[in-house]
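> let me see the structure of the following:
(chains A, B and C)
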Amino acid sequence: MAEDEIEVEERAKRLAMVCWSSDLDRVWPTLILATTGAASGLEVDVFFTFWGLRVLQRNDKRVTGTNWMQKAESLVDRGGTDHLKLGKIHFGGAGTMMIKKLAKQYKVATPTELLEMALSVGVRMHPCQMTMDLYGLKQEDFVEGLQPTLGAASFIDMAAKADITLFI
Amino acid sequence: MAEDEIEVEERAKRLAMVCWSSDLDRVWPTLILATTGAASGLEVDVFFTFWGLRVLQRNDKRVTGTNWMQKAESLVDRGGTDHLKLGKIHFGGAGTMMIKKLAKQYKVATPTELLEMALSVGVRMHPCQMTMDLYGLKQEDFVEGLQPTLGAASFIDMAAKADITLFI
Amino acid sequence: MAEDEIEVEERAKRLAMVCWSSDLDRVWPTLILATTGAASGLEVDVFFTFWGLRVLQRNDKRVTGTNWMQKAESLVDRGGTDHLKLGKIHFGGAGTMMIKKLAKQYKVATPTELLEMALSVGVRMHPCQMTMDLYGLKQEDFVEGLQPTLGAASFIDMAAKADITLFI
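Residues are numbered from 1 along each chain as shown, chains lettered A, B, ... in the order given. A predicted model of the protein is given here:
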């Protein structure tokens, strides 16, 4: 029994999240929870899928994809942590600017800073293979330091072992 | 101890999800996770509530409900997996068509196919009783193969036993 | 072994939720799950963050914050459970009124009633400190009966001990 207990105590807690959205107001809590979790000693996995995959795109990439539909989608849904916008429209679009200004004033890290911090504290970021195909995104369109691409079955394996599971 | 361990190993992992939305981009991951989960050997329960209840509606049902408010709601929020639309407006409404086209090209199953697959691999789908009352929906408005209707307390019981819990 | 089993049986199950949104259609399920969970004997913690923090605002508070950006935000995003609106626009804004009418007809408790019930059955409600700073909200802007403010790290601690974790 004693050995068992030690094992239980020693296993790090795990947090598995789906980053489904590229809205600023959803990506922000995702990256805050990921960074804080890893800094608190949890093992953290984030699965970037659907709109969320765009979060991992390099900020200097503009048009991506190979066919015209993929290229059109990449134009209206610009990727990269510098270009995220609020999901809610406030003040005719000025809301994103205002929230960023407030965040700066209160020293809340930007999504770009948080993504770097997350990677540096060991958060494992997994791009969704199916979404990559749909968007026509390639490995070189992404920031560095990511894990290999995954499918839904692999994410389910991770999540089944996790203590906290969140879809954001 | 040995017996206990075997029991732990043998119990299937469980996935409990709330399908709260009828947006195409949320229903799609819900059904992909449900189907993949069940195919990987997990027991999967999905609780369809609020807007999400419409997902279970038969595709050939148009106007539902008994009072005028319910009928009006059913007109603007058409149910059935064939009629789901993206939550985000892209290209003046053409986004839904484009995503479906891309999905077809890359052989991603449609929501209608996924719903059938999910039922055939044993995913348990539970309509929310309270939402049925609000919408004035009846048993015959739904696809076949569903579980009996549930309330929030029963969903909580399920989720408390699950290894993965997601609100989508 | 017998002692261990008793301990396992006796520990109450736990539900930890993030209330991230102030949309009526998201706050409603959050409060229904919280109240039902606590009534079923679970320990329930809800972390109110981002837009969700506004849910805890007193209904009679109108303009909040200290700088002009915070004041402007409080004008377009009115807080308090009496003023929540649907995330989806239906019928040119009439949808919120219709859903509330239907809910009344079918005796579904209002968010204001549910918040009171949740507090009375012991749901622990935690305002997010970072969001309070961003919004310029003060303790006296909130309803009574809340827990002390928290940061993300404390929420992660709670969630890691919970049996059900949901981001709504």
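> low-confidence stretches in chain A?
A:1-9, A:89-93 (pLDDT under 70).
> the longest helix belonging to chain A near chain C anywhere?
Longest among the helix segments of chain A by residue count, using DSSP state H, is helix A:24-39. Yes. Part of helix A:24-39 sits near chain C under the criterion C-beta under 8 Å from any C-beta of the partner chain, namely A:25-26, A:28-29, A:32-33, A:36-37, A:39. Every residue, glycine included, has its C-beta placed from N, CA and C.
> and which of these is nearest residue B:150?
Nearest to residue B:150 among the residues of helix A:24-39 next to chain C: residue A:26, at 28.0 Å, using C-beta to C-beta.
> burial measure for the closest residue to that closest one other than its chain neighbours, as a count.
Distances taken as C-beta to C-beta, 6 or more residues apart in numbering or on different chains place residue A:168 nearest to residue A:26, at 5.4 Å, with adjacent residues excluded. Counted by other C-beta atoms under 10 Å in any protein chain shown, the residues lying close to residue A:168 total 24.
> equivalent analysis for residue A:78, please.
18.
> now do residue A:19
Neighbour count of residue A:19, defined by other C-beta under 10 Å: 27.
> dump the residue contacts of the residue nearest to residue A:122 when sequence neighbours are not counted.
Distance criterion C-beta to C-beta, 6+ apart; nearest residue to residue A:122, sequence neighbours excluded, is residue A:38 at 5.4 Å. For residue A:38, the contacting residues are A:44, A:118, A:121-123, by C-beta atoms under 8 Å, 6 or more residues apart in numbering or on different chains.
> among these, name the buried ones.
Applying a neighbour-count criterion of 16 or more other C-beta atoms under 10 Å in any protein chain shown, the buried members of the contacts of residue A:38 are A:44, A:118, A:123.
> right, and residue A:143 touches residue A:60 too?
No. Counting by C-beta atoms under 8 Å, residue A:143 does not reach residue A:60; the two are 10.4 Å apart.
> which of these two has more residues huddled nearby?
residue A:143 (18 against 7).
> that one and residue A:100, how far apart?
20 Å (C-beta to C-beta, to the nearest Å).
> do a quick rundown of the strands in chain A.
For chain A, the strands defined by DSSP state E cover A:14-19, A:43-48, A:124-127, A:164-167.
> residues making contact with the second one?
Right, strand A:43-48. A:12-19, A:30, A:34, A:37-38, A:55-56, A:118, A:122-128, A:131, A:150, A:155, A:158, A:162.
> with only the CA atoms kept, save that strand in PDB.
C-alpha atoms of strand A:43-48 as PDB (Å, rounded to 0.1, in the frame of the first residue of the first chain):
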ATOM      1  CA  GLU A  43       1.600  18.200 -17.500                       C
ATOM      2  CA  VAL A  44      -0.300  20.200 -20.100                       C
ATOM      3  CA  ASP A  45      -1.500  19.100 -23.600                       C
ATOM      4  CA  VAL A  46      -3.400  21.500 -25.900                       C
ATOM      5  CA  PHE A  47      -5.000  20.200 -29.100                       C
ATOM      6  CA  PHE A  48      -5.400  22.900 -31.700                       C
END
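> run the chain-centre distance for it.
Offset of strand A:43-48 from its chain centre (C-alpha atoms, centre = their mean, to the nearest Å): 8 Å.
> any buried residues in that strand, and which?
A:43-48.
> same question, the last one
Of the residues in strand A:164-167, those buried by neighbour count under the rule 16+ other C-beta under 10 Å are A:164-167.
> tell me, which of those make contact with chain C?
A:164-167.
> and those as JSON lines, adding distance to residue B:110?
Shown next, in JSON lines, are those (distance: C-beta to C-beta, whole Å):
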{"residue": "A:164", "distance to residue B:110": "32"}
{"residue": "A:165", "distance to residue B:110": "26"}
{"residue": "A:166", "distance to residue B:110": "27"}
{"residue": "A:167", "distance to residue B:110": "21"}
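> grab the nearest non-local neighbour of the spatially most central residue of chain A.
Central residue of chain A (C-alpha atoms, centre = their mean): residue A:19, 5.0 Å from the mean position. Closest residue in space to residue A:19, ignoring its immediate chain neighbours: residue A:52 at 3.9 Å, by C-beta to C-beta, 6+ apart.
> so residue A:79 sits right up against residue A:51, yeah?
No. Residue A:79 is beyond contact range of residue A:51, at 9.7 Å (criterion: C-beta under 8 Å).
> joint contacts of the two?
By C-beta under 8 Å, 6+ apart, the residues touching both residue A:79 and residue A:51 are residue A:22.
> nearest to residue B:64, of the contacts of residue A:38?
Using C-beta to C-beta, residue A:44 comes nearest to residue B:64 of these, at 43.1 Å.
> still on that earlier bit, check the gap between the residue nearest to residue A:26 and residue B:94 for me.
In this view, residue A:168 and residue B:94 are 27 Å apart by C-beta to C-beta.
> count of neighbours near residue A:83?
By other C-beta under 10 Å, the residues close to residue A:83 number 18.
> what's the closest non-adjacent residue to it?
Per C-beta to C-beta, 6+ apart, closest to residue A:83 is residue A:59, 7.0 Å.
> hang on, the one you found packs against residue A:112?
Yes. In terms of C-beta under 8 Å, residue A:59 counts as a neighbour of residue A:112; the distance is 7.2 Å.
> near chain C, which residues of chain A show up?
Proximity of chain A to chain C (C-beta under 8 Å from any C-beta) is limited to residues A:13, A:15, A:25-26, A:28-29, A:32-33, A:36-37, A:39-40, A:42, A:88, A:90-91, A:95, A:98-99, A:101-103, A:106, A:108, A:163-168.
> buried among the residues you listed? Need that as a selection in PyMOL.
This is how PyMOL selects the buried members of these, with burial counted by 16+ other C-beta under 10 Å:
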select buried, chain A and resi 13+15+25+26+28+29+32+33+36+37+39+40+42+88+90+95+98+99+102+103+108+163+164+165+166+167+168
